[in-house]
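> turn this into a model:
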Amino acid sequence: MKTLVLTVPDSGASFAGAGNGSIPTLETGPTAFAAYFFGSDFLDVSGRPTEMIAGRNVIVSGDPTLSARHARLDRLNCYRTEWTATELIAAGDGSGYTLIAMARAEAASNFPLISNFVNSSTPYGQVIAHASALARGYSGVPAQSVDVAASDPGRGARWGAYAVTVTNTRVTIYERHAGSEMISALVAFSSRAIGSANGFRMGGHYLADFAGAGDMAHAAFHSAPLTAAQVASEFDALRDYYALIGMAV
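Purely as a prediction, here's the structure:
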């Protein structure tokens with residue numbers, strides 16, 4: 001099994017979930033900033049998703065519905081980070097960041113996987129399982145979006161791995177679901193701000209336009225824009241891990 005490319009300096013520990021074997025040991029390296037596995041098997045003593053990188057706690061908003069290995073989330077029942085996009089970028093070389101999610105979105109809904117949108121005049125990045133696209137990534141001010149695939153006929157029935165990489169000159173969206181190859185799309189633009197003092201919501205959003213619901217199993221944040229090969233390696237590691245515990249992703 002491949003090891004998740006989620007890096008924790010000076011840490012070699014793995015977390016054993018109840019009945020789930022061992023979550024892959026986190027490699028040492030410079031880019032991974034935060035990572036979470038969702039579900040009742042992966043709660044810390046405070047009832048929050050266990051943070052795989054010490055000190056990167058999440059805040060519970062509303063009342064997410066927990067299954068053993070994933071959480072049912074929506075706009076008002078979700079998780080929020082205590083740290084901001086500016087902190088995420090500053091932890092790396094300042095060039096950008098990457099958001100990764102493993103999720104199963106409701107059919108015909110705009111399910112916000114990861115987002116720090118507050119308003120259209122504040123820089124933000126987000127990845128959405130969109131009603132009119134398989135996946136959509138957004139970035140910056142003024143806003144710029146990019147879709148990968150026009151529709152998702154399997155929406156609601158299958159899990160997908162999603163990622164968006166954000167820099168001040170491009171946003172790239174990636175998606176792969178069970179039994180498929182990874183697909184991607186990017187858009188380039190004039191330089192724009194991407195940092196902000198806003199934290200990220202996982203499974204939730206400030207706007208009613210993104211009120212869709214879905215199941216989320218995993219979220220990760222990197223303080224650099226990962227390459228396509230690095231994103232594919234992340235997706236492989238997640239697929240291999242979840243296959244061991246009986247989830248086809």
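> the helices in this protein, which residues?
85-90, 228-244 (DSSP state H).
> between the ones you listed, which gets the lowest average pLDDT?
Note on those: helix 228-244 shows the lowest mean pLDDT, a mean of 89.
> and that helix, which residues are buried?
By neighbour count with 16 or more other C-beta atoms under 10 Å, helix 228-244 contains the buried residues 230-239, 241-242. For the C-beta atoms, the positions are set from N, CA and C on the backbone; glycine is no exception.
> roughly how far out does that helix sit from the chain middle?
Between the centre of helix 228-244 and the centre of its chain there are 13 Å (C-alpha atoms, centre = their mean, to the nearest Å).
> dump it to CSV, restricted to CA.
Taking C-alpha atoms only, helix 228-244 is exported to CSV below (Å, rounded to 0.1, in the frame of the first residue of the first chain):
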residue,chain,number,x,y,z
ALA,A,228,-0.5,16.3,-11.2
ALA,A,229,1.7,13.3,-10.3
GLN,A,230,1.6,14.2,-6.6
VAL,A,231,-2.2,14.5,-6.7
ALA,A,232,-2.4,11.2,-8.4
SER,A,233,-0.2,9.6,-5.7
GLU,A,234,-2.5,11.1,-3.0
PHE,A,235,-5.5,9.6,-4.7
ASP,A,236,-3.8,6.2,-5.1
ALA,A,237,-2.9,6.1,-1.4
LEU,A,238,-6.5,7.0,-0.3
ARG,A,239,-7.9,4.4,-2.7
ASP,A,240,-5.6,1.7,-1.4
TYR,A,241,-6.3,2.5,2.2
TYR,A,242,-10.1,2.6,1.8
ALA,A,243,-10.0,-0.6,-0.2
LEU,A,244,-8.6,-2.3,2.9
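> residue 238 reaches residue 231, doesn't it?
No. With contact defined as C-beta atoms under 8 Å, residue 238 does not reach residue 231; the gap is 10.8 Å.
> quick one: residue 237 and residue 36, what's the gap?
Remark: distance between residue 237 and residue 36 (C-beta to C-beta, to the nearest Å) = 15 Å.
> in the protein, what secondary structure element scores lowest on mean pLDDT?
Using mean pLDDT, DSSP states H and E, strand 135-139 stands out as the lowest-scoring helix or strand of the chain, at a mean of 74.
> export that one as CSV, just CAs?
Extracted as CSV, the C-alpha positions of strand 135-139 are listed here (Å, rounded to 0.1, in the frame of the first residue of the first chain):
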residue,chain,number,x,y,z
ALA,A,135,-16.1,19.1,-10.0
ARG,A,136,-15.5,22.9,-10.0
GLY,A,137,-12.6,24.8,-8.5
TYR,A,138,-12.6,28.5,-7.6
SER,A,139,-9.9,30.9,-6.7
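> off-centre distance for that strand?
The answer for strand 135-139 is 12 Å, by C-alpha atoms, centre = their mean.
> related to what we said a few turns ago, so which of the helices of the chain gets nearest residue 117?
Judged by C-beta to C-beta, the one of the helices of the chain that comes nearest to residue 117 is helix 85-90, at 10.6 Å.
> in the closest one, what counts as buried?
In helix 85-90, counting by 16+ other C-beta under 10 Å, buried: 85, 87-89.
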